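Chemist: Predicted model and sequence below, questions to follow.
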Amino acid sequence: MHAPPAPTARLPIASDADLAWVRQQVRQAAAGLGFGLVQQTKLVTAASELARNTLVHGGGGHVEMTTLEEGAARGLRLSFVDNGPGIRDVDLAMTDGYTTGGGLGMGLSGAKRLVQEFTLDSRPGEGTTVTVTDWAAGLPSPRTGAP
Amino acid sequence: MQVAEHDTADGVAKELGGFLERRREQIAQRWADAPLFRTVFTVSRDEAVEACKAVVDALADVARSGRLEDVQAPGFAAVRDQLGRMAASRTQAGFSSSQIAGEVAGLREPTLTLLRAEFEDSSSEHLEACLLALTVLMGTLRLVVMETSVSAGEELIARQQLQLLEVATPVIKLWEGIVAVPLIGTLDSARSQVVMESLLEAIVDQRARYAILDITGVPTVDSLVAQHLMKTVAAARLMGAECIVSGIRPAIAQTIVHLGIDLGTIITRAGLADALAYALTEQGIVVSQGPAQGGSPR
Ligand SMILES: Nc1ncnc2c1ncn2[C@@H]1O[C@H](COP(=O)(O)OP(=O)(O)O)[C@@H](O)[C@H]1O
Ligand SMILES: [Mg+2]
């Protein structure tokens, strides 16, 4: 099989220029894995939302990009990590239109709709990690632990 | 062993490793004042000295492994990140890769001087062999730094190109009362502000009734970009102009829908030409088929 190309990259999220860089790197990785144009666009848009949340609400952090291989399936996992204030009420934050900062409040809920797998882990006072994963189209997303 | 150790290349390399270990402090003290370290580790001189020691330790490690010419020698791994940061910092300060390489080469001379002093009493052949080994090793260090500075430079250029896309936002007069802004590149807050201001200005100056925002060149429309578009449309309306957003590509249209954003109050058209046709028709201007070429527009 193919050797997995550079499995992990860690990109800083500390400025608007970093956001542009993250979008570009995600697009390149997704294209490299054979994601179609629509899927690439969705994933990059989700990444843009989450990276901006890391910057604006989380006070900056980083994103970890990992390429995945499970059997024939190839995927891309993105973890957005910050040590900011955290999210007190996750259900509320995930509600369409809810914002504490004058945005549209569509970032978290929208990002979840744009990707195949979405997990949010947040502790008030400690920080927030949002992880999304997409698999190249045509393959069912594998369940962890399945043979 | 058949041969006396100091006669083999490996033996010389090991001896060099021993020298670097013993003279770690003196070498570090001399390097710490070189621009390469002094201008990067600026918190204190101790910080620069520590950084130098890390590099000396790495070189000693590489020497002991006998891989003097090997840029991939495991000994370099411990300082590769640090060297990368140093190179990046020099690159940002405006130095080219070859200038940085020159600075690394400059570390060789003070080290050779110490080595000469140390092996004063050995045979001249032995001294030569040691000096040569150190020269080779310092050449390899230079290559390691070059490697990291080239990739740091590439990244810097790529970033600058991305940012360049954010500069100019020309507002074009397409027709009496119709202006257009082709948006290209990233639409983050700062640039959206510029776009909105120049568009509103043009609406006043040109007494425009219609303003076309063409987003063909915008790679990503997320909720912030959508919000900026909506604000611009609302502001233009207050100035008495109707906005038309054109150039929403199919992949972006699907993404906007999944994101959950409702652009329903905004007039959209597939391409710039469709948007212009709409604006002309709304103004009561009829564009007829006319003779194939050369028909004047009025
Ligand atoms: N990384 C984060 N750290 C802290 N709070 C966050 C983070 N991400 C999102 N939030 C909270 O969730 C809310 C909703 O986020 P989102 O849906 O992206 O909307 P918006 O960014 O437009 O406010 C934010 O207003 C903020 O209060
Ligand atoms: Mg957001």
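Modeler: Arrived safely, thanks for sending. Residues are numbered from 1 along each chain as shown, chains lettered A, B, ... in the order given. Ligands and ions are numbered 1, 2, ... in the order given.

Chemist: which element is the residue of the stretch 1-150 of chain B found nearest chain A on?
Modeler: With C-beta to the nearest C-beta as the measure, residue B:81 is the residue of the stretch 1-150 of chain B nearest to chain A, at 11.8 Å. All C-beta atoms are positioned from the backbone trio N, CA, C, and that covers glycine. Taking DSSP states H and E as the criterion, residue B:81 maps to helix B:77-92.

Chemist: how far out from the middle of the chain is whatever helix or strand comes next after that helix?
Modeler: Following the chain from helix B:77-92 toward its C-terminal end, the next helix or strand by DSSP H and E is helix B:97-105. Relative to its chain's centre, helix B:97-105 lies at 20 Å (C-alpha atoms, centre = their mean, to the nearest Å).

Chemist: Please identify the buried residues of the lengthiest helix in chain A?
Modeler: Ranked by residue count and defined by DSSP state H, the top helix of chain A is helix A:37-56. Along helix A:37-56, the positions that meet the burial threshold by neighbour count (16 or more other C-beta atoms under 10 Å in any protein chain shown) are A:38-56.

Chemist: same for ligand 2: which of these are within range?
Modeler: Applying C-beta under 5 Å from the ion, the subset of the buried residues of helix A:37-56 adjacent to ligand 2 comprises residue A:53.

Chemist: show me which of the buried residues of helix A:37-56 neighbour chain B.
Modeler: Filtering the buried residues of helix A:37-56 for neighbours of chain B using C-beta under 8 Å from any C-beta of the partner chain leaves A:38, A:40, A:41, A:42, A:44, A:45, A:48, A:49, A:52.

Chemist: ok, so of these, who is nearest residue A:81?
Modeler: Distances from these to residue A:81 were compared by C-beta to C-beta; the smallest belongs to residue A:52, at 14.2 Å.

Chemist: The closest one: what's it in contact with?
Modeler: For residue A:52, the contact set (C-beta atoms under 8 Å, 6 or more residues apart in numbering or on different chains) comprises A:19, A:107, B:222, B:224.

Chemist: how near is it to residue B:92?
Modeler: When C-beta to C-beta, to the nearest Å is applied, the distance between residue A:52 and residue B:92 equals 25 Å.

Chemist: same question, residue B:260
Modeler: Taking C-beta to C-beta, one finds residue B:260 at 40 Å from residue B:92.

Chemist: contacting residues around stretch B:231-242?
Modeler: For stretch B:231-242, contacts defined as C-beta under 8 Å, 6+ apart pick out B:192, B:195-196, B:199-200, B:203-204, B:208-211, B:213, B:243, B:245, B:265-267, B:279, B:282.

Chemist: And the buried ones among the residues you listed, selectable in ChimeraX?
Modeler: Buried members of those, identified by 16+ other C-beta under 10 Å, are gathered into one ChimeraX selection as follows:
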select /B:192,195,196,199,200,203,208,209,210,211,213,243,245,266,267,279
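
Chemist: can you tell me the helix or strand for the closest residue to residue B:27 other than its chain neighbours?
Modeler: For residue B:27, ignoring the flanking residues on the chain, the nearest one in space by C-beta to C-beta, 6 or more residues apart in numbering or on different chains is residue B:56 at 5.1 Å. According to DSSP H and E, residue B:56 maps onto helix B:45-64.

Chemist: so where's chain A shaky on pLDDT?
Modeler: Counting by pLDDT under 70, chain A contains low-confidence residues at A:1-7, A:138-147.

Chemist: one more time with 50
Modeler: A:1-6, A:144-147 (pLDDT under 50).

Chemist: Contact residues of it facing ligand 1?
Modeler: A:49, A:53-54, A:57-58, A:82, A:84-87, A:93, A:98-101, A:103-109, A:128 (C-beta under 6 Å from any ligand atom).

Chemist: burial of residue 8, as a residue count?
Modeler: This is for chain A. Here the number of neighbours of residue A:8 (other C-beta atoms under 10 Å in any protein chain shown) works out to 11.

Chemist: Chain B was what I was after
Modeler: Applying the criterion other C-beta under 10 Å, we find 15 residues in the vicinity of residue B:8.

Chemist: That one and residue B:109, how far apart?
Modeler: 27 Å.

Chemist: Tell me where chain A has strands.
Modeler: With DSSP state E applied, chain A shows strands at A:8-13, A:61-70, A:73-82, A:117-123, A:127-135, listed in chain order.

Chemist: partner strands of the second one, parallel or antiparallel?
Modeler: Translated: strand A:61-70. The sheet places strand A:61-70 alongside strand A:8-13 (antiparallel), strand A:73-82 (antiparallel), with pairing taken from DSSP bridges.

Chemist: For stretch B:80-93, buried residues please.
Modeler: Under the neighbour-count rule (16+ other C-beta under 10 Å), stretch B:80-93 has B:82, B:83, B:84, B:86, B:87, B:88, B:89, B:90, B:91 buried.

Chemist: one step back: now, which of the residues of chain A next to ligand 1 lie within helices?
Modeler: Cross-referencing those with the helices (criterion: DSSP H) gives A:49, A:53, A:54, A:93, A:107, A:108, A:109 as the overlap.

Chemist: wait, doesn't the first one sit right on residue B:222?
Modeler: Yes - contact criterion C-beta atoms under 8 Å: residue A:49 and residue B:222 qualify, at 5.4 Å.

Chemist: Overlap in contacts, the two.
Modeler: The contact sets of residue A:49 and residue B:222 overlap at A:107, B:259 (C-beta under 8 Å, 6+ apart).

Chemist: Residue B:31: neighbour count?
Modeler: Here the number of neighbours of residue B:31 (other C-beta under 10 Å) works out to 22.

Chemist: Could you verify my assumption that it touches residue B:109?
Modeler: No - the criterion here is C-beta under 8 Å, and residue B:31 misses it with residue B:109 at 10.8 Å.

Chemist: how about the strands of chain B, start to end?
Modeler: Using DSSP E, the strands assigned to chain B run over residues B:172-175, B:178-184, B:210-217, B:242-246, B:267-269.

Chemist: Let's have these in a markdown table, adding mean pLDDT.
Modeler: Written out in a markdown table, the entries for these read as follows (pLDDT from 0 to 100):
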| stretch | mean pLDDT |
| --- | --- |
| strand B:172-175 | 91 |
| strand B:178-184 | 90 |
| strand B:210-217 | 93 |
| strand B:242-246 | 96 |
| strand B:267-269 | 95 |
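
Chemist: now these in CSV, with distance to ligand 1?
Modeler: Listed next are these as CSV, based on distance: least, C-beta to the nearest ligand atom, whole Å:
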stretch, distance to ligand 1
strand B:172-175, 32
strand B:178-184, 21
strand B:210-217, 20
strand B:242-246, 20
strand B:267-269, 22
